[in-house]
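Participant: okay, structure incoming, though there's no sequence with it:
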């Protein structure tokens, strides 16, 4: 995940240096390691950076072909058909674990009963889970892209938006472990630097406090196997991430008129 932090930082550096093709290729390299960087294609489309978008997609396809050549058709088919769909749904590891502190895990514990892993949900309703899980994630991504990532932005704005989008990706991830938040270092550095340049010291301090809350081991103070309404008490890091992302969205709306 330190490598992921390096790749996301390198992709941003190339992006602001007006080298979109190289930036897209670096993002494709990150996608080959973890799934979530592929969502940068939405960011690039919103920015109308077509060369970076195409290079990201082409690079990802090239890594897919390399996987096919290295591991064979059966292994590649298993990855695409069985592993990746389960990983996207958060089912490749225990999907009910409160340790992930993800939106997907919260909704599963609230609405899907499982005899051993989640015997007493708030309400057993797989239909409600099937509706809310993709809907909430899609709404978060669309709203954030629309209001916080305006297309015409200067270099400083681009850095802020890139860092904020990384935080959003970790928020919608189905099972973000604590070590995956290495990538959030990029968010903290870019956002605080931007806000300090805008002389928004109070907002900078607020972001630092929220970043610290996300990184603290809050899960140790929450129930390990909650049931019913107590499930809501077991996801403090998720709430901290939500607050951080909403605050970044509010900061983007605040500075957007003066930055454009």
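Facilitator: Arrived safely. In this text the structure is predicted, and so the values were computed from the model without any measurement.
Participant: other SSEs contacting the longest helix along the chain?
Facilitator: Taking DSSP state H as the criterion, the chain has its longest helix at helix 50-78. Contacts defined by 3 or more C-beta pairs under 8 Å, 6 or more residues apart in numbering; DSSP states H and E place helix 50-78 against helix 20-33, helix 40-46. Bear in mind the C-beta positions are built from the backbone N, C-alpha and C, glycine included.
Participant: reformat those as a markdown table; add distance to residue 91, mean neighbour count and mean pLDDT.
Facilitator: Formatted as a markdown table, the helices and strands packed on helix 50-78 follow (distance: least, C-beta to C-beta, whole Å; neighbours: other C-beta atoms under 10 Å; pLDDT from 0 to 100):
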| stretch | distance to residue 91 | mean neighbour count | mean pLDDT |
| --- | --- | --- | --- |
| helix 20-33 | 20 | 21 | 95 |
| helix 40-46 | 23 | 20 | 96 |
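Participant: in CSV: these, plus distance to residue 105.
Facilitator: Below are the helices and strands packed on helix 50-78 laid out as CSV (distance: least, C-beta to C-beta, whole Å):
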stretch, distance to residue 105
helix 20-33, 22
helix 40-46, 23
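Participant: hmm, back to that, would you mind identifying the next helix or strand past the longest helix of the chain?
Facilitator: With elements assigned by DSSP states H and E, the helix or strand that comes after helix 50-78 is helix 84-88.
Participant: now do the buried residues in that next one.
Facilitator: Buried residues in helix 84-88, counted by 16 or more other C-beta atoms under 10 Å: residue 87.
Participant: just the mean pLDDT for whatever helix or strand comes next after it, thanks.
Facilitator: The C-terminal neighbour of helix 84-88 among helices and strands, as given by DSSP H and E, is helix 103-111. Regarding helix 103-111, the rounded mean pLDDT is 93.
Participant: got the contact list for helix 103-111?
Facilitator: 89-90, 95-98, 118, 121-126, 128-129, 132-133, 136-137, 171-172, 174-175, 226, 231-232, 234-235, 238 (C-beta atoms under 8 Å, 6 or more residues apart in numbering).
Participant: can you check stretch 188-201 too?
Facilitator: So stretch 188-201 is contacted by 12, 156-157, 159-160, 162-164, 203-204, 207-208, 211, 248, 251, 254-255 (C-beta under 8 Å, 6+ apart).
Participant: let's see it at 7 Å
Facilitator: Stretch 188-201 is contacted from outside by 156, 159-160, 162-164, 203-204, 207-208, 211, 248, 251, 255, using C-beta atoms under 7 Å, 6 or more residues apart in numbering.
Participant: contacts only, for residue 89.
Facilitator: So residue 89 contacts residue 174 (C-beta under 7 Å, 6+ apart).
Participant: can you pull the pLDDT of it?
Facilitator: pLDDT at residue 89 comes out at 80.
Participant: distance check, it against residue 169.
Facilitator: 16 Å (C-beta to C-beta, to the nearest Å).
Participant: for residue 80, find the nearest of the helices and strands packed on helix 50-78.
Facilitator: Nearest of the helices and strands packed on helix 50-78 to residue 80, taken as C-beta to C-beta: helix 20-33 at 13.5 Å.
Participant: distance between the closest one and the chain's centre?
Facilitator: Relative to the centre of its chain, helix 20-33 is centred 16 Å away, using C-alpha atoms, centre = their mean, to the nearest Å.
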